[in-house]
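> Sequence plus the predicted model coming up.
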Amino acid sequence: MRRIGVFNFTTLNGYYKGPNEDISWHQHGEEEGDVAKEGAQQENILLFGRVTYEMMAGFWPTPMAAEQFPDVAKGMNNSEKIVFSKTLKQADWKNTRIIGENMIEEVRRLKETAGKDMTILGSGTIVTQLSDAGLIDDYMIMVDPIILGEGTPMFNGMKNKLNLKLTDSKRLKSGAVMNTYSRVAE
């Protein structure tokens with residue numbers, strides 16, 4: 001059975017994005033880059049919602065991404081990608097397919113088949129829906145040392161309780177903390 005993990009960064013008060021989709025507050029130091037590089041080398045299938053997909057597809061295939069973050073760009077561009085969207089009709093980023101309907105059922109079906117593990121990047125709405133359905137196994141959350149006055153909470157609209165166990169924690173030089181949690185079966 002495949003595992004599904006989430007990689008996201010949040011503010012100290014739990015926002016994964018600020019007003020107007022702003023993520024410029026996130027730390028991008030050497031250690032944060034190493035975390036991204038390590039993740040890109042896992043060769044997991046990447047899962048996105050439409051908004052995050054469009055943001056990622058607008059950056060990672062560019063020459064600027066290849067110059068600034070060569071290893072991450074290579075991993076992102078070569079990875080298999082699935083974008084969940086009822087409105088996106090075409091995905092031009094290499095190795096991308098769209099699932100437009102029945103996201104929960106499709107992810108449940110994917111989990112039950114053999115193959116690569118899956119990682120959700122960003123995509124708060126997708127994270128919330130799959131968390132509520134009990135389909136996410138691991139949460140890798142980088143907490144940046146910043147508080148925003150407003151933003152979108154990472155688990156905005158969560159309906160169910162989610163029991164987690166801290167399995168790893170690492171403090172970075174920037175003051176960010178990388179916490180990894182695994183879902184505890186009830």
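Perfect, I can see it now.
> gap between the residue nearest the centre of the chain and residue 142?
Geometric centre of the chain, nearest residue: residue 121, 1.6 Å, by CA atoms, centre = their mean. Using CB to CB, to the nearest Å, one gets 12 Å for the distance from residue 121 to residue 142. The way it works is simple: take the backbone N, C-alpha and C, and place the C-beta from them, glycine included.
> can you check residue 62 too?
On the measure of CB to CB, residue 62 and residue 142 end up 23 Å apart.
> And these two? Which one has more around it.
Ranked by neighbour count (other CB atoms under 10 Å), residue 62 and residue 142 place residue 142 first, with 22 against 13.
> what bridges to that one?
Going by DSSP bridges, residue 142 is paired in beta bridges with residue 9, residue 178.
> I'd say it and residue 177 touch.
Yes: Residue 142 lies in contact with residue 177 (CB atoms under 8 Å); the separation is 7.3 Å.
> quick one, helices of this structure?
Using DSSP state H, the helices of the chain run over residues 30-40, 50-57, 63-68, 70-78, 103-111, 124-132.
> Reformat those helices as JSON lines; add mean neighbour count.
JSON lines is the format used below for these (neighbours: other CB atoms under 10 Å):
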{"stretch": "helix 30-40", "mean neighbour count": "16"}
{"stretch": "helix 50-57", "mean neighbour count": "20"}
{"stretch": "helix 63-68", "mean neighbour count": "12"}
{"stretch": "helix 70-78", "mean neighbour count": "18"}
{"stretch": "helix 103-111", "mean neighbour count": "16"}
{"stretch": "helix 124-132", "mean neighbour count": "21"}
